[in-house]
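Asks: Provide a 3D model corresponding to the input given below.
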Amino acid sequence: MNEHDQEILESEEGEQSIALRSEQQQIARSESKPFPVAPVVFAGASCLPVSTIAADILSRKCELEKLDVLPTGEIYLSQVHYRKRLNEAFSPAGWALVPLGKPSVFDNTVIQEWALYAQGNFIACSYGEAEYFPDSKRSSYATALESAKSNALMRCCKDLGVASECWDKKFTSEFKKEFCVQVWRKDSKDRKPQWRLKDGEPFYDETGFVTPKSQPQSSNGPQAGFVATPQQEDPSRGIKSDPIPPPSKAKKITAPELKRMFAIATKAGRDKDNVRAVIERFGFHSAKDVLASQYEKICEALAKPMDMNEATASNNEIREKAMESKRLLIVDMMKDNCFTEIEREQARERLPHWTMGRLTEVISRMEERIKEAAKQAAEELDSSQIPF
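Replies: Numbering: from 1, shown residues only. Prediction:
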């Protein structure tokens, strides 16, 4: 290589080195670039001209059927309704949430600050939070960030008066008194009662209802103040019967009594599904759980011949249980990471209105989507293991 070629090579290497350093400096500047600060963040604060129609939309009272309650007792409106209300007041794309900082994780909680803008004007800012468990297979880091964003949105909307009654102690107390019920749960770690809607789906491990001046049954002894009342005394279900003794003192029916009960039901023309429906109306999950104190009453109910109304009611009850089973399956399947938080909220809203055929169709489509997502994840995993 002559001297001229050597000079050209050194010149090219020098230019490449300069270009590389310049690119690295740009990346460093972009990574260290801070998020917007005042006064940029608060630009247009309190300057947005809100029409009377938009103001009425934002301050409109929530429809009671759209409100829900957390197990800890807080009344809330789902994030999807906040977004609908903002879309209605400012139009889609007329408002936005802007991050004011990077997310942080503290003790399985992800936190991030967001600002709400409408038509280019600052409205409010707040921190959003959500639970995040790195080892969880059901919820990813991205899902936790999305939940934290929705949480910040709901807090920012307080300044606009959206769902303000959810923050009103008097309203929430009256709402819980009229539409909610406290229950005991078997798997509750702190042994505290939890809340749900009266017409809501019972918890899978629910053991009874809470009433004043009584106490729950516990392996560690009674807890003064409350007791779990039998399921059939739930005021939301309209079923009443004689009190059932505590499990420790309750005597169940014997095998001969069980055979006699089914013989009576067979003579009256009842099948197993109808017998199960009658037994559940008395508060028992199966025939083996029937207590001696309720045995004769159940036999009397089974001895009565079925009329057309009861047969229809029994068939409807069986069908409703099958539909409820499908609803629970859909809720469980929606926990898969291939579904977004918005899709989960939409599914929860539409579930009560879907027919049996629609539920079956949705389950089939969800199974296909989960399989496709799993297949895609497996392909990505295989490709990542290729050494070149």
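
Asks: Which stretches in this protein count as helices?
Replies: With DSSP state H as the criterion, the chain has helices at 3-32, 52-59, 79-90, 141-156, 169-179, 255-267, 272-281, 292-303, 308-333, 341-350, 356-384.

Asks: now the second one, how far from the centre of its chain.
Replies: Shown here is helix 52-59, whose average C-alpha point lies 29 Å from the average C-alpha point of the whole chain (Cα atoms, centre = their mean, to the nearest Å).

Asks: With the third one instead?
Replies: Here the centre of mass of C-alpha atoms in helix 79-90, compared against the chain's by Cα atoms, centre = their mean, lies 19 Å away.

Asks: among the helices of the chain, where is the model least confident on average?
Replies: Lowest mean pLDDT within the helices of the chain: helix 3-32, at a mean of 51.

Asks: Which of the helices of the chain sits closest to Arg185?
Replies: helix 308-333 (16.5 Å; Cβ to Cβ). Where C-beta positions appear, they are placed from N, C-alpha and C, glycine not excepted.

Asks: okay, the helices of the chain in CSV with distance to Lys66 and mean neighbour count next?
Replies: Output for the helices of the chain, formatted as CSV (distance: least, Cβ to Cβ, whole Å; neighbours: other Cβ atoms under 10 Å):
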stretch, distance to Lys66, mean neighbour count
helix 3-32, 43, 10
helix 52-59, 15, 14
helix 79-90, 6, 18
helix 141-156, 13, 20
helix 169-179, 12, 13
helix 255-267, 43, 14
helix 272-281, 30, 18
helix 292-303, 38, 16
helix 308-333, 18, 14
helix 341-350, 9, 15
helix 356-384, 21, 12
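
Asks: how about the ones you listed in CSV, adding distance to Asp135?
Replies: Formatted as CSV, those follow (distance: least, Cβ to Cβ, whole Å):
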stretch, distance to Asp135
helix 3-32, 29
helix 52-59, 41
helix 79-90, 26
helix 141-156, 12
helix 169-179, 34
helix 255-267, 45
helix 272-281, 38
helix 292-303, 45
helix 308-333, 19
helix 341-350, 20
helix 356-384, 17
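
Asks: got the contact list for Thr340?
Replies: Glu146 (Cβ atoms under 8 Å, 6 or more residues apart in numbering).

Asks: so how far is Ser136 from the closest residue to Gln294 other than its chain neighbours?
Replies: In space, and not counting its chain neighbours, Gln294 is closest to Phe282: 5.5 Å by Cβ to Cβ, 6 or more residues apart in numbering. To Ser136, Phe282 is 40 Å away according to Cβ to Cβ, to the nearest Å.

Asks: swap in Leu351?
Replies: Counting by Cβ to Cβ, the gap from Leu351 to Ser136 is 24 Å.

Asks: swap in Arg365?
Replies: From Arg365 to Ser136 the distance is 25 Å (Cβ to Cβ).

Asks: do the same with Met356
Replies: With Cβ to Cβ as the criterion, Met356 and Ser136 are 32 Å apart.

Asks: Break this protein down into its domains, please.
Replies: Annotated domains of the chain cover 52-163, 172-233, 255-300, 312-384 [automatic domain parsing].

Asks: now those domains as a markdown table including distance to Val40?
Replies: A markdown table is the format used below for those (distance: least, Cβ to Cβ, whole Å):
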| stretch | distance to Val40 |
| --- | --- |
| domain 52-163 | 9 |
| domain 172-233 | 37 |
| domain 255-300 | 61 |
| domain 312-384 | 29 |
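
Asks: so which of those comes closest to Ser46?
Replies: domain 52-163 (8.3 Å).

Asks: Contact partners for Ala347?
Replies: 330-331, 334.

Asks: which ones are touching the closest residue to Ile342 other than its chain neighbours?
Replies: Among residues not flanking Ile342 along the chain, Val80 sits closest, at 6.7 Å (Cβ to Cβ, 6+ apart). When contacts are counted by Cβ under 8 Å, 6+ apart, Val80 touches 342, 345-346, 349.

Asks: again, 7 Å this time
Replies: 342, 345-346 (Cβ atoms under 7 Å, 6 or more residues apart in numbering).

Asks: again, but for His81
Replies: His81 neighbours (Cβ under 7 Å, 6+ apart): Lys66.

Asks: One more pass at 10 Å, please.
Replies: Neighbouring residues of His81 by Cβ atoms under 10 Å, 6 or more residues apart in numbering: 62-63, 66-67, 154, 157, 162-163, 345, 349.

Asks: in the stretch 101-250 of the chain, which spans are strands?
Replies: 104-106, 109-118, 121-131, 180-185, 194-197, 206-212, 226-229 (DSSP state E, counting those that start in this stretch).

Asks: who wins for proximity to Phe171 among these?
Replies: strand 180-185 (12.7 Å).

Asks: and Leu351 and Ser136? which has more neighbours close in?
Replies: Leu351 (20 against 15; other Cβ atoms under 10 Å).

Asks: what about the more buried one, distance to Leu197?
Replies: 14 Å.

Asks: Just give me how far stretch 258-269 sits from the chain centre.
Replies: With Cα atoms, centre = their mean, you get 42 Å for stretch 258-269.

Asks: How about stretch 144-162?
Replies: Relative to its chain's centre, stretch 144-162 lies at 16 Å (Cα atoms, centre = their mean).

Asks: next one: stretch 277-288
Replies: That offset, for stretch 277-288, works out to 29 Å (Cα atoms, centre = their mean).

Asks: For that stretch, output the C-alpha coordinates as PDB.
Replies: Extracted in PDB, the C-alpha atoms of stretch 277-288 (Å, rounded to 0.1, in the frame of the first residue of the first chain):
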ATOM      1  CA  ALA A 277     -82.000 -27.000  42.100                       C
ATOM      2  CA  VAL A 278     -84.400 -27.600  45.000                       C
ATOM      3  CA  ILE A 279     -81.600 -28.400  47.300                       C
ATOM      4  CA  GLU A 280     -79.700 -25.200  46.300                       C
ATOM      5  CA  ARG A 281     -82.800 -23.100  47.100                       C
ATOM      6  CA  PHE A 282     -82.400 -24.300  50.700                       C
ATOM      7  CA  GLY A 283     -78.800 -23.100  50.700                       C
ATOM      8  CA  PHE A 284     -76.900 -26.400  50.100                       C
ATOM      9  CA  HIS A 285     -74.400 -27.100  47.200                       C
ATOM     10  CA  SER A 286     -75.200 -30.800  47.000                       C
ATOM     11  CA  ALA A 287     -77.400 -33.500  48.600                       C
ATOM     12  CA  LYS A 288     -74.600 -34.700  50.800                       C
END
